[in-house]
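# What shape does this take:
(one chain, ligands or ions: 1)
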Amino acid sequence: MGLNEILSKPGQMLGDMAQVSTLDAVVNWGKSYSLWPYPFATACCGIEFMGTACSDNDIARFGAERPSFSPRQSDMILVLGTVTYKMAPVLREIYDQLCEPKYVISVGACASSGGMFDTYGVVQGVDRFLPVDIYVPGCPPRPEAIMDALIKLQQKVQTQGLEARRQEVMRKIDEINEKNRPVIVR
Ligand code: SF4
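Numbers count the residues shown, from 1 in each chain. Below is the predicted model:
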(Lines give C-alpha, C1' and ligand atoms only; values in the text may rest on other atoms or scores of the structure.)
Protein backbone atom coordinates (compact mmCIF):
# COMPACT_ATOMS: atom_id res chain seq x y z
CA MET A 1 0.00 0.00 0.00
CA GLY A 2 1.42 3.40 -0.99
CA LEU A 3 1.83 6.28 1.47
CA ASN A 4 -0.89 8.36 -0.21
CA GLU A 5 -3.32 5.49 0.10
CA ILE A 6 -2.48 5.06 3.79
CA LEU A 7 -2.88 8.80 4.49
CA SER A 8 -6.31 8.77 2.85
CA LYS A 9 -7.51 6.30 5.48
CA PRO A 10 -7.13 7.86 8.96
CA GLY A 11 -6.77 5.22 11.65
CA GLN A 12 -4.91 2.83 9.34
CA MET A 13 -2.29 0.75 11.19
CA LEU A 14 1.28 0.94 9.88
CA GLY A 15 2.69 -2.38 11.03
CA ASP A 16 2.52 -3.01 14.80
CA MET A 17 4.16 0.21 15.91
CA ALA A 18 2.53 3.20 14.24
CA GLN A 19 -0.85 4.50 13.30
CA VAL A 20 -1.60 7.20 10.76
CA SER A 21 -4.26 9.75 11.55
CA THR A 22 -5.27 13.33 10.81
CA LEU A 23 -5.04 16.23 13.25
CA ASP A 24 -8.84 16.59 13.13
CA ALA A 25 -9.33 12.95 14.11
CA VAL A 26 -6.93 13.30 17.07
CA VAL A 27 -8.53 16.58 18.27
CA ASN A 28 -12.05 15.14 17.94
CA TRP A 29 -11.00 12.01 19.83
CA GLY A 30 -9.66 14.22 22.64
CA LYS A 31 -12.85 16.30 22.68
CA SER A 32 -15.03 13.21 22.83
CA TYR A 33 -13.29 12.06 26.02
CA SER A 34 -13.52 15.42 27.78
CA LEU A 35 -17.20 16.30 27.44
CA TRP A 36 -18.09 18.33 30.51
CA PRO A 37 -21.79 18.14 31.34
CA TYR A 38 -24.04 20.93 32.57
CA PRO A 39 -26.79 19.03 34.42
CA PHE A 40 -30.05 21.01 34.24
CA ALA A 41 -31.88 18.88 36.79
CA THR A 42 -35.43 19.80 37.70
CA ALA A 43 -36.89 16.48 38.84
CA CYS A 44 -36.26 12.79 39.53
CA CYS A 45 -34.16 12.20 36.39
CA GLY A 46 -31.56 14.37 38.13
CA ILE A 47 -31.22 11.66 40.77
CA GLU A 48 -30.61 9.10 38.00
CA PHE A 49 -27.80 11.29 36.70
CA MET A 50 -26.31 11.41 40.22
CA GLY A 51 -26.44 7.58 40.22
CA THR A 52 -24.73 7.54 36.83
CA ALA A 53 -21.94 9.75 38.14
CA CYS A 54 -21.36 7.59 41.24
CA SER A 55 -18.79 4.84 41.55
CA ASP A 56 -21.09 1.92 40.62
CA ASN A 57 -21.41 3.27 37.10
CA ASP A 58 -18.35 5.52 37.01
CA ILE A 59 -18.97 7.99 34.24
CA ALA A 60 -15.30 8.99 34.63
CA ARG A 61 -14.48 6.08 32.31
CA PHE A 62 -15.79 8.32 29.52
CA GLY A 63 -14.11 11.51 30.74
CA ALA A 64 -17.46 13.13 31.61
CA GLU A 65 -17.23 13.05 35.39
CA ARG A 66 -16.71 16.77 35.80
CA PRO A 67 -20.15 18.45 36.03
CA SER A 68 -19.93 22.16 35.50
CA PHE A 69 -22.45 24.63 36.85
CA SER A 70 -21.10 27.36 34.69
CA PRO A 71 -22.36 27.03 31.11
CA ARG A 72 -19.20 28.72 29.86
CA GLN A 73 -17.17 25.73 31.06
CA SER A 74 -19.46 23.04 29.66
CA ASP A 75 -19.65 21.16 26.39
CA MET A 76 -23.06 19.58 26.71
CA ILE A 77 -26.27 20.25 28.57
CA LEU A 78 -28.26 17.37 30.03
CA VAL A 79 -31.90 18.25 30.54
CA LEU A 80 -33.04 16.06 33.42
CA GLY A 81 -36.71 16.42 34.28
CA THR A 82 -39.83 18.44 33.65
CA VAL A 83 -39.40 21.86 32.04
CA THR A 84 -42.16 24.42 32.44
CA TYR A 85 -42.83 27.38 30.16
CA LYS A 86 -41.56 29.61 32.97
CA MET A 87 -38.20 27.78 32.98
CA ALA A 88 -37.82 27.53 29.21
CA PRO A 89 -36.33 31.04 28.63
CA VAL A 90 -33.82 30.41 31.45
CA LEU A 91 -32.78 27.07 29.95
CA ARG A 92 -32.47 28.64 26.50
CA GLU A 93 -30.26 31.42 27.92
CA ILE A 94 -28.05 28.82 29.61
CA TYR A 95 -27.79 26.92 26.31
CA ASP A 96 -26.82 30.12 24.50
CA GLN A 97 -23.96 30.64 26.98
CA LEU A 98 -22.40 27.20 26.41
CA CYS A 99 -19.13 27.10 24.46
CA GLU A 100 -19.23 26.06 20.80
CA PRO A 101 -19.52 23.32 19.69
CA LYS A 102 -22.23 22.47 22.21
CA TYR A 103 -24.51 19.50 22.51
CA VAL A 104 -27.87 18.71 24.11
CA ILE A 105 -29.02 15.41 25.63
CA SER A 106 -32.68 15.20 26.58
CA VAL A 107 -32.92 12.68 29.42
CA GLY A 108 -36.19 10.93 30.21
CA ALA A 109 -39.79 11.13 29.11
CA CYS A 110 -40.47 14.51 30.76
CA ALA A 111 -37.65 16.39 29.04
CA SER A 112 -38.25 14.66 25.69
CA SER A 113 -42.04 14.87 25.50
CA GLY A 114 -43.50 16.33 28.71
CA GLY A 115 -44.02 12.77 29.95
CA MET A 116 -47.14 12.28 32.00
CA PHE A 117 -47.46 16.04 32.55
CA ASP A 118 -49.66 16.92 29.62
CA THR A 119 -50.68 20.22 31.17
CA TYR A 120 -50.81 23.87 30.13
CA GLY A 121 -47.67 24.75 32.11
CA VAL A 122 -45.26 22.03 30.92
CA VAL A 123 -43.26 22.20 27.69
CA GLN A 124 -44.06 19.06 25.68
CA GLY A 125 -40.44 18.36 24.75
CA VAL A 126 -37.38 20.58 25.01
CA ASP A 127 -36.81 20.19 21.27
CA ARG A 128 -39.44 22.92 20.94
CA PHE A 129 -36.76 25.44 21.84
CA LEU A 130 -33.40 23.56 21.92
CA PRO A 131 -31.56 21.66 19.15
CA VAL A 132 -31.51 18.23 20.83
CA ASP A 133 -28.80 15.74 19.75
CA ILE A 134 -29.74 12.62 21.70
CA TYR A 135 -32.96 11.53 23.38
CA VAL A 136 -32.83 9.09 26.30
CA PRO A 137 -36.08 7.13 26.72
CA GLY A 138 -37.49 5.97 30.04
CA CYS A 139 -39.15 7.14 33.20
CA PRO A 140 -36.72 7.14 34.82
CA PRO A 141 -34.00 6.07 32.37
CA ARG A 142 -31.47 3.63 33.82
CA PRO A 143 -27.89 4.91 34.28
CA GLU A 144 -26.93 2.51 31.47
CA ALA A 145 -29.25 4.42 29.13
CA ILE A 146 -27.61 7.73 30.07
CA MET A 147 -24.16 6.21 29.45
CA ASP A 148 -25.38 4.82 26.13
CA ALA A 149 -26.40 8.37 25.15
CA LEU A 150 -22.97 9.62 26.17
CA ILE A 151 -21.25 6.97 24.02
CA LYS A 152 -23.47 7.91 21.04
CA LEU A 153 -22.54 11.55 21.56
CA GLN A 154 -18.85 10.64 21.71
CA GLN A 155 -19.19 8.83 18.37
CA LYS A 156 -20.86 11.92 16.92
CA VAL A 157 -18.11 14.24 18.21
CA GLN A 158 -15.44 11.92 16.76
CA THR A 159 -16.95 11.79 13.29
CA GLN A 160 -18.64 15.16 12.76
CA GLY A 161 -16.56 18.09 11.55
CA LEU A 162 -17.15 21.65 12.79
CA GLU A 163 -18.84 22.80 9.57
CA ALA A 164 -21.20 19.80 9.53
CA ARG A 165 -21.98 20.53 13.19
CA ARG A 166 -22.75 24.19 12.45
CA GLN A 167 -25.06 23.24 9.60
CA GLU A 168 -26.91 20.66 11.71
CA VAL A 169 -27.55 23.18 14.50
CA MET A 170 -28.68 25.87 12.03
CA ARG A 171 -31.10 23.42 10.41
CA LYS A 172 -32.59 22.43 13.77
CA ILE A 173 -32.93 26.07 14.87
CA ASP A 174 -34.70 26.88 11.59
CA GLU A 175 -37.11 24.00 12.27
CA ILE A 176 -37.74 25.28 15.81
CA ASN A 177 -38.40 28.80 14.52
CA GLU A 178 -40.76 27.40 11.89
CA LYS A 179 -42.69 25.38 14.51
CA ASN A 180 -42.91 28.39 16.85
CA ARG A 181 -44.05 30.81 14.17
CA PRO A 182 -47.16 32.56 15.51
CA VAL A 183 -50.38 31.64 13.77
CA ILE A 184 -52.18 34.78 12.62
CA VAL A 185 -55.93 34.35 12.27
CA ARG A 186 -57.58 37.03 10.15
S1 SF4 B 1 -39.14 11.08 33.18
FE2 SF4 B 1 -39.94 10.09 35.04
S3 SF4 B 1 -38.15 9.97 36.36
FE4 SF4 B 1 -37.67 11.51 34.80
S5 SF4 B 1 -38.30 13.47 35.65
FE6 SF4 B 1 -40.03 12.66 34.49
S7 SF4 B 1 -41.29 11.60 36.03
FE8 SF4 B 1 -39.24 11.85 36.90
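# Hmm, Gly114 is touching Val123, no?
Yes: proximity of Gly114 to Val123 meets the contact threshold set by C-beta atoms under 8 Å, at 6.6 Å. Backbone N, C-alpha and C define where each C-beta goes, glycine included.
# which of those two has more neighbours?
Higher neighbour count among Gly114 and Val123: Val123, with 23 against 18, using other C-beta atoms under 10 Å.
# Low-confidence regions, the chain specifically.
For the chain, the stretches with pLDDT under 70 are 1-20.
# Name the residues of it found near the ligand, please.
Ala43, Cys44, Cys45, Gly81, Thr82, Gly108, Ala109, Cys110, Gly115, Cys139, Pro140 (C-beta under 6 Å from any ligand atom).
# Buried among the residues you listed? Make that a PyMOL selection.
To isolate the buried members of the residues of the chain next to the ligand in PyMOL, using 16 or more other C-beta atoms under 10 Å:
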select buried, resi 43+45+81+82+108+109+110+115+140
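# Tell me the one of the residues of the chain next to the ligand nearest Ile184?
Thr82 (30.5 Å; C-beta to C-beta).
# Pick the one among the residues of the chain next to the ligand closest to Ala88.
Proximity of the residues of the chain next to the ligand to Ala88 (C-beta to C-beta) peaks at Thr82, which lies at 11.2 Å.
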